[in-house]
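**Q** no FASTA, just this:
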């Protein structure tokens with residue numbers, strides 16, 4: 001590489017390019033939590049609006065879906081067992 005190209009590349013990177021990269025990484029990292037929260041909010045609001053519209057258009061279907069949702073949320077059995085409980089039960093059985 002010639003001397004002019006090396007100088008241009010060095011000038012573009014800057015003296016504290018590592019610090020700038022770290023700051024950019026931290027900014028992206030902190031925004032990712034906001035993105036997750038925003039997406040969950042959008043999904044919940046969309047589902048709520050669809051359920052409300054379904055309630056007015058097809059009340060029987062909405063009631064059946066609500067009963068299924070209540071069944072899943074009040075059921076005390078877990079779909080996936082807690083791995084910590086499995087380990088504890090293993091040691092208690094010995």
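**A** Perfect, thanks for sending it. A quick note: this is a predicted structure, and the numbers were derived from the prediction, not measured. Numbers count the residues shown, from 1 in each chain.

**Q** switch to C-alpha atoms for all contacts and neighbour counts from now on
**A** Noted.

**Q** Can you pull up the most central residue in this protein?
**A** By Cα atoms, centre = their mean, the chain has its centre lying nearest to residue 36, at 4.4 Å.

**Q** what's the average pLDDT for the longest helix seen in the chain?
**A** The longest helix of the chain (DSSP state H) is helix 17-57. Throughout helix 17-57, pLDDT has a mean value of 83.

**Q** measure residue 21 to residue 44 for me?
**A** From residue 21 across to residue 44, the span is 35 Å (Cα to Cα, to the nearest Å).

**Q** again, but for residue 86
**A** For residue 86, the distance to residue 44 equals 32 Å [Cα to Cα].

**Q** burial of residue 51, as a residue count?
**A** By the criterion of other Cα atoms under 10 Å, residue 51 has 19 neighbours.

**Q** Next one: it relative to residue 63, how far apart?
**A** In terms of Cα to Cα, residue 51 sits 10 Å off from residue 63.

**Q** One more: residue 19?
**A** Residue 19 is 56 Å from residue 63, by Cα to Cα.

**Q** So for the two, which residue has more residues nearby?
**A** More crowded of residue 19 and residue 63, by other Cα under 10 Å: residue 63, with 14 against 10.

**Q** Who are the contact partners of that one?
**A** residue 55 (Cα atoms under 8 Å, 6 or more residues apart in numbering).

**Q** Can you say which helix or strand has it in it?
**A** Here residue 63, judged by DSSP states H and E, is contained in helix 59-74.

**Q** roughly how far is the following helix or strand past that helix from the heart of the chain?
**A** Next along the chain after helix 59-74, taking DSSP H and E as the criterion, comes helix 83-93. Relative to the centre of its chain, helix 83-93 is centred 29 Å away, using Cα atoms, centre = their mean, to the nearest Å.

**Q** how about helix 83-93: buried residues?
**A** Within helix 83-93, no residue is scored as buried using 16 or more other Cα atoms under 10 Å.
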